[in-house]
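Undergrad: Show me the folded form of this:
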Amino acid sequence: MSKANFDAVIFDLDGVITQTASVHSTAWKQMFDEFLQAYAQTTGETFREFTHAEDYLPYVDGKPRYKGVASFLESRGIDLPYGDPTDAPEQGTVCGLGNRKNKLFNEIIARGDVEVFTTTVDFIRDLRERNVKVGVASSSKNAKAILEAAGLMDLFGTRVDGIVSTELNLKGKPEPDIFTTACDNLGAHYDLSVIVEDAVSGVQAGLNGNFGLVLGVARGNNELELKLNGADLVVRDLGEIGFKDIEEWFSKGLDEDKWTLSYYDYVKEREGTRESLCTVGNGYLGTRGALEESNASNMNYPGTYIAGVYNRLESEVAGRNIVNEDFVNCPNWLPITFKLSDGEWFDLNETEVINFIRRLDFRDGVLYRKAVVRDRAGRETLIESSRLASMAQSHLVGLKYSITPLNYSEPISIRSGLNGAIINAGVERYHQLNSKHMEPILEGGQDDISYLMLQTNQSRIRIAEAAKVLVFIDGQRIDPRISIKKLDGAVYSIFTVEAQKGRPICVDKLVAVYTSKDRGVEHPLEAAKDALQNIGGFNEVRQASAAAWADIWRRVDIQIEGDRLAQKLLRLNLYHSMISASPHNVSIDAGIPARGLHGEAYRGHIFWDELYILPLYDMHFPEGAKSVLLYR
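TA: Have a look, this model is predicted:
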C-alpha cells in the first residue's frame, strides 16, 4: 500500500465522532434556563430562555466550557465574577456555572451509553489501515470518559482535550492550539494535516492554524456557515467522503486553493472591498469585480479605468476654485441583465439569493460568479458568468453570461449594454468635486454589433467601445432578432428568447476598447469595430489570454512551502501588480497609479509607490519598467 500524500487527520469529538453534541446542548440549556430564571426573579427582568439556534450555536458550541459561559453571559449583558475552576456548581460565578453544566452533562452520560457516528468510526479505521496518523482534539474535559464509554480509546495516537489544554495552558477555539498540539504529538506537518470539525469555532481554528484541509461536518444544516468561516470542504456526514477524496484534495484541490480568491456569500456592505479585490485587468485597462447587472450605488461600483486616461476639471470648494486632475471612470462595458415577461430587469440586490459564489483565478485572470436566485413568484434561476481582460490582446475584454430557468419555462428578455452615461463617484470624499469627465459623441449598432464613443471634456481623449453579442441555447448558436436602443452616451442590445426549464441560455459578450491616446490609433471607433471582426467567441479569447498569463506566471511566480495562506496572498499581490502594469505597458504611455487600475482613490495619481514594486519589473519585464519610468 503506497504512502498517503498527507500526514494525519485530527478529529473533533462531540458532533463528529460521538453523538454527544445534543447531550451538551441539553445540559447547557438546563443549566442556563435555571440560572436565567433565578436571575430574572432577582433583578425583576423578564425571563428569556436559552435556545439552541440563537444562543448555543453562536456563543457556546465548540468553545472551552468557561469561555462558552462568559461568551453567552456577555451576549445577554450579564456581568458575573469569573471565579475559579475549583468553584462549586452552586456558586454564582462563570466557573461555577461551567461546573454546574459539567455536572449535569456527566449525569446525563451516566444514564445511558454514548452513541457514535458509525460512518466516522469506519472512516477512522480505514485511515488507520492505510497507516495515516489519527488524533482527537476536543475542548471537553470529559473526552477520555466519553471515548472509554464508547470503546474508542485505542483508535487514536493522541488525545488533546480540556484537561490537557489546562495543563499546557493552551488557548481554546477559535485559536488552533489543540490541533497544532495534536499534530506535534503525532509528528505531523500542519500543512499536510486534516482537521475535521462540526463547529464554527472549530473550522475557524483550522483556518487560523493554516492546516492543509479543514473538513466541515454540517450536522445542523449549516454548510454555508462552516464554509464562510474556514472549511475547505463541507459534508453532512463522513460517509460522503473517503480516503481517495482526501488524497485528491492534497494532489489537486489544495493547489487550486493557492491560486484562487473565493467568496461564498453576497454581502452588500462588503461589496466595495470585494469588487476591488476581484478586479480583472491587463495593464492597459482594469474593470472592478462588480456584478454585471449592477449600476453605481452605495453597494456596487462597476468602474473601468484605462491607463493614462485623465481629465482636469475646476471645482468650487469652500468658496475657492480649485483644479483637480482625475483618473476617468471610462464607459462601463459590463452591463448585461434579463427579465421575465411580468418582471423588472434583474437586480441581485432586489431578489432572494439562495446561494452565491464568486471566484477569481489568478492563473488566467478569469472572474467567475454563480448564483441561484428566487423571485417573488417563486421562480428560481441559475446565473453564471465568467469575465476577463485579455492578457494576449490588451484591447479586448469579454464575458460569458448564462441564465438557466430551474423551475419554469417562459420568454426571457436579455439586455446587453455599453454605458458611458456615468460620472466619477467611486470615492465619497471627492463627491464635492466636479465629476462629469466625458461627453458623448456617437452611439449606434446593428444586429450583433453595438458601439459608442465619448470624449473627455478637457484632455480631449476619445474613448471608443464596440461590443459583439453571440447567443447560444444548449450550446447551439442562435440568431435572435436584436434591437438597438440608443441613449445619450449609452447603447443597449435587447432580444427575447423562449426559455425552457433546465436549458441554459448563454451570451458571449466580446468588447474592444480603444482611445485616441493609443499609439498608432487615429480612429479609435474604427479600430474597436475592426478588432471584433474575426473573433470566434469567449472561449477563444480566454484560451489566448490564459496562454499569455501562463508565460507571465512562469516568470514571476514565487512558491512557498508549508504556508498555504502566505502562498495565496503572495500570488494575489502578484496578480494585482500584473493587472496594474503588465508586458503591455511597453507600448503604453502611463505610470502605475497608487491604487492600480482598480478605482478612483488618490484620483489615480502616480506617486513614488512604484519604488516598492519596480524591482519585480526590473527583473522580469525591464522594458515595461523603462516605459513606466519614462512616463515621469
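
Undergrad: What residues of the helix of greatest length in the chain count as buried?
TA: Scanning the chain for the helix with the most residues, using DSSP state H, yields helix 21-43. By neighbour count with 16 or more other C-beta atoms under 10 Å, helix 21-43 contains the buried residues 21, 23-32, 35-36, 39. Placement of C-beta: from N, CA and C, glycine included.

Undergrad: Where do the helices of the stretch 101-250 of the chain begin and end?
TA: 118-129, 143-150, 162-168, 177-186, 200-208, 223-228, 243-248 (DSSP state H, counting those that start in this stretch).

Undergrad: highest average neighbour count across those helices?
TA: Burial of the helices of the stretch 101-250 of the chain is given as mean neighbour count (mean count of other C-beta atoms under 10 Å); helix 200-208 ranks first at a mean of 25.

Undergrad: can you list the domains in the protein?
TA: The chain breaks down into these domains under automatic domain parsing: 8-19+114-257, 21-110, 268-310+331-422+434-551.

Undergrad: Without its sequence neighbours, what residue ends up closest to the residue nearest the centre of the chain?
TA: Against the mean C-alpha coordinate of the chain, by C-alpha atoms, centre = their mean, the closest residue is Tyr263 at 1.6 Å. In space, and not counting its chain neighbours, Tyr263 is closest to Arg358: 4.7 Å by C-beta to C-beta, 6 or more residues apart in numbering.

Undergrad: which residues touch the one you found?
TA: Ser262, Tyr263, Tyr266, Arg274, Cys278, Gly289, Leu367, Tyr368, Arg369, Lys370 (C-beta atoms under 8 Å, 6 or more residues apart in numbering).

Undergrad: Drop anything exposed from these.
TA: Neighbour-count burial (16+ other C-beta under 10 Å) applied to the contacts of Arg358 gives Tyr263, Tyr266, Arg274, Cys278, Gly289, Leu367, Tyr368, Arg369.

Undergrad: Could you check how far the third one is from Phe117?
TA: Here the distance between Arg274 and Phe117 works out to 37 Å (C-beta to C-beta, to the nearest Å).

Undergrad: try the first one
TA: Distance of Tyr263 to Phe117, computed by C-beta to C-beta: 31 Å.

Undergrad: Same check on the fifth one?
TA: Look at Gly289 and Phe117: by C-beta to C-beta, they are 40 Å apart.

Undergrad: now do the second one
TA: When C-beta to C-beta is the yardstick, Tyr266 and Phe117 sit 33 Å from each other.

Undergrad: For the stretch 501-632 of the chain, which segments count as strands?
TA: With DSSP state E, counting those that start in this stretch, the ranges of strands along the stretch 501-632 of the chain come out as 505-515.

Undergrad: in it, which spans are helices?
TA: Using DSSP H, counting those that start in this stretch, helices in the stretch 501-632 of the chain cover 524-531, 538-556, 564-580, 610-620, 622-631.

Undergrad: Show residues contacting the longest one.
TA: Outside of helix 538-556, the residues that reach it under the criterion C-beta under 8 Å, 6+ apart are 282, 363-366, 386, 388-393, 396, 398-400, 470, 508-510, 535, 574, 578, 582-583, 616, 620-621.

Undergrad: for the shortest one, same thing?
TA: With C-beta under 8 Å, 6+ apart as the contact definition, helix 524-531 has outside contacts at 393, 395-396, 442, 449, 451, 453, 462-466, 512-516, 518, 521.

Undergrad: Which residues in it does the neighbour count mark as buried?
TA: Buried residues in helix 524-531, counting neighbours by 16+ other C-beta under 10 Å, are found at Pro524, Leu525, Ala527, Ala528, Lys529, Ala531.

Undergrad: Are any of the contacts of helix 524-531 buried, and if so which?
TA: Buried among the contacts of helix 524-531 (16+ other C-beta under 10 Å): 393, 395-396, 449, 451, 453, 462-466, 512-516, 518, 521.

Undergrad: before we move on, back to that, which of the contacts of Arg358 fall within strands?
TA: Ser262, Tyr263, Leu367, Tyr368, Arg369, Lys370 (DSSP state E).

Undergrad: Please list all residues in contact with Arg274.
TA: Shown in contact with Arg274 (C-beta under 8 Å, 6+ apart): Tyr263, Gly289, Arg358.

Undergrad: just those residues now: which is nearest Asp326?
TA: Asp326 has its nearest neighbour among the contacts of Arg274 in Gly289, at 21.5 Å by C-beta to C-beta.
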